[in-house]
Each structure stands twice: as structure tokens, then as C-alpha cells.
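Asks: can you look at this prediction? I've put the sequence above it.
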Amino acid sequence: MQAFRNCGLCASGSLVKGRTDFLVARRNMAVLRLSAACVQLLKDKANVFCRSPVHQRLLRLPEVARSNRVAFSLASSLCAVPFTQVENLSHESLIRRASCLVTDSANTYLSQTTLALVDALTQYAKALHTLIALQKRYITSIGKLTPAEEDSIWQVIIGQRVEVSDRLEECKRFESNWMNAINICELSADAAYNSGAEHACTATKTNLQVAQCKVEELRKISKEAEKKLAETKAEEIQRMAEYASSIDIHDLEDIPEAYLRED
């Protein structure tokens, strides 16, 4: 069509300019006839192409593309959606979920109380060993200290005994909470097992075993320290008795024989 317009413009321009020139007019008429023939040929070719199977298939391409695009988009959307199995919200499933929540809370309570009790037992054992060291130092220095030095070291020993007593009270307080946590965990484990949450029951029992083993280990260390402290106190009493008897014998030796002779 662009070529036809160009040809038409050229032809009209030639007609205007060649009104007085006959030869130019004839040539322009030939150009017009040639342009009309070209247009008719293009129309015939277009009609043949439109009736051809290729053209019909090309006309159907947008519909096929749209249908394929819809199918592809739907498939892509389905692939993007995560298919999860939705559990039936029955009474059993709700109870099972609730039991799992209970075991989680019980495990948290157990871990916190276990940590507190282990730390308290550790500090108690350290306080005992410090007191044992002070007691032994005093035992080795019996009879070698001045009254002021002996009073000073006894002030330190008394202060450490107060520290040991405070640590022991702290252990008792945390142990009470820990025992409550043990009982709650045992009950929650049984509830989880009865509701069908075996994995929660197994995890809770494992945590119970770990906590009990750790606390038992620290208890043994504390008991050994208490035993050593008792032995140190017994040694102190024996050493003081020996020192007192040695003083009495020495005093008796210093008494004149006349005072010891009976009439």
C-alpha cells in the first residue's frame, strides 16, 4: 500500500506538470495502468494466501498460545503451592498437640532448674574446699600463732563457715524446684505416651536421664567435700587435745617438787 501511494503521488504530480506536454501525459497514463495492475496482483495474492491452510494455522496460533499459556500458568502455580497433609482436627489430635506443648514447657522448666541446681552445688563444693584448706592451715599452725594471729585466722574460718551454710541453703532451695520439675516431666512424658506422641515422650525421658546424671555427679562431689571437711574437723579436735595435754604436762613439770609431794 505504501508503494501504491508513492506511485499515485508521483503520477498526480506528473499530470499537473504535464498539461502542456502530451508525451509526458501519455507516459503518466502508462504509469497509472502499471500501478493499477500491481494493486490487482497484490489483491489476488492476498486472497489466495487467506484461503490457504497455512494462513488458517497462523490465524489459530494466538488461540493455541493463549490456551498453552493458561495451562502453563496453572501448572506453574500448582507447582509453587506446597502440598501439605492437613491433619484431621479430631479430639485425639488436639490432645496429642496439647501433650507435646506440655512436654516442651516441662523440658524448659527442667533445664532451667537443673542449671540452677548444678551451679549451686558447684559453688557449695568450692566453698567446702576453701573451708577445708583454712582448717588445715590452722591445724598446722596450732601452738605457733600469737593470740592476735589466731583470732584473725578464726575470723576468716567463721566467715567461710557462714558462706558454706548459705551455699547449702541455696542448694536446698534449688533442689526443691528441681524435684518439682522432675515430677512434672515424668507426668508429661506419661501423658504424651498415652496420647500417641511417642517422640515427645522419648525426648522428655532422655532429658530426665541427662539431668539426673548431671545432678548426681555434682552431689557426689559435694558429699566427698563434706566427708573431707568432717575428717579435717576430727583432725583439728585431736590436734587441739594433743596440744592441750602437752601444755598441761609442761605446766606440771614447771611446778616445784615440794608442791607435788604428799604429806
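Replies: On my side now, so go ahead.
Asks: where in this protein is pLDDT low?
Replies: Residue ranges of the chain with pLDDT under 70: 1-88, 248-263.
Asks: now do the helices in it.
Replies: 2-17, 22-50, 53-80, 91-140, 147-195, 198-254, 257-260 (DSSP state H).
Asks: got the domain boundaries for this protein?
Replies: If you go by automatic domain parsing, the domain ranges for the chain are 2-76, 103-260.
Asks: list the contacts of the nearest residue to E175 once chain neighbours are set aside.
Replies: With sequence-adjacent residues excluded and distances taken as C-beta to C-beta, 6 or more residues apart in numbering, E175 is closest to L117, at 5.7 Å. For the C-beta atoms, the positions are set from N, CA and C on the backbone; glycine is no exception. Shown in contact with L117 (C-beta atoms under 8 Å, 6 or more residues apart in numbering): C171, F174, E175, N177, W178, V215, L218.
Asks: spatially nearest residue to the first one (excluding sequence neighbours)?
Replies: The spatially closest residue to C171, leaving aside those adjacent along the chain, is A120, at 4.6 Å (C-beta to C-beta, 6+ apart).
Asks: distance-wise, check the one you found relative to E92.
Replies: 42 Å (C-beta to C-beta, to the nearest Å).
Asks: over to T146?
Replies: Counting by C-beta to C-beta, the gap from T146 to E92 is 80 Å.
Asks: more crowded one of the two?
Replies: Higher neighbour count among T146 and E92: E92, with 11 against 8, using other C-beta atoms under 10 Å.
Asks: tell me how far that one lies from E150.
Replies: 74 Å.
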